[in-house]
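[1] Take a look and give me a structure for this.
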Amino acid sequence: RLGNQPYWINMKLELCQFSGYKILPGHGKRLIRTDGKVLNFLNSKCAACYMMKRNPRNTAWTVLYRRKHKKGSEEEVKRRRARRNVKYERAVVGATLSEIRTKRDQKPEVRKAQREQLIRAAKEKAKQKEDKKKLQKLGQAGKPLQQKQKATKVVKAAAPKVGGKR
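    Next up, the predicted model:
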C-alpha cells in the first residue's frame, strides 16, 4: 500500500456495462458475444438485467439513472458567478463620442427645447412646400380649380309587370 491510497489504485478496474460501477479485480462476470464484443458485469444481477434488455436509465440503482435524475451531485454543483457585462462607450455613425457625451450631459429642459425647435422648423418647411404646390396649381390653370359636377344619369322608368305569380 502506497501512503493513504487504496490498494486497488494501481490495479486495472473495469466498468460494469449495465450499472456503470467499478469492478475490482477478482469480481464480476464477463460475457463475450458472438460478434466478439466483451461485456463486463459487476454481478449476476447486472448481467440478468442486461439479458432482459432492461434500460439502465430507468433502473433506480444504476449510475446512468442517477446522472439522468441528478442524484447525489450536491458536492460537485457550485454556483458559477455570472460575468458582469462591461459597458463600452463607442462612437456611432454620424455622432462622435464627444457629441454623445455632451448630449447626455445636457439638462432635459434644454434637450426638450431643441427638439421642439427642430419640430417647428420641420413643420414650417412642410407648410412652405405645400403652399408652393398650391401656387403652382393656380399658376397652371390661371384660376382656382372648381370641382367638376357629376353628369346626371337618365334612368328609364321600369315597365309595369304583366301577369301574376307563377
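[2] now what about the worst-scoring helix or strand of the chain on mean pLDDT, what contacts it?
    When the helices and strands of the chain are scored by mean pLDDT, DSSP states H and E, helix 97-105 comes last with a mean of 84. By CB atoms under 8 Å, 6 or more residues apart in numbering, the residues outside helix 97-105 that reach it are 89-92, 111. The C-beta positions use only the backbone N, C-alpha and C, and glycine is treated the same way.
[3] for stretch 30-45, same thing?
    14-19, 21, 23, 27-29, 47, 50.
[4] same check, this time on stretch 107-122
    With contacts defined as CB under 8 Å, 6+ apart, stretch 107-122 is touched by Lys103.
[5] quick revisit: relative to the whole chain's centre, how far out is the following helix or strand past the least confident helix or strand of the chain?
    For helix 97-105, the succeeding helix or strand toward the C-terminus, using DSSP states H and E, is helix 108-141. Its chain's C-alpha centre and that of helix 108-141 lie 44 Å apart, by CA atoms, centre = their mean, to the nearest Å.
[6] Thank you, goodbye.
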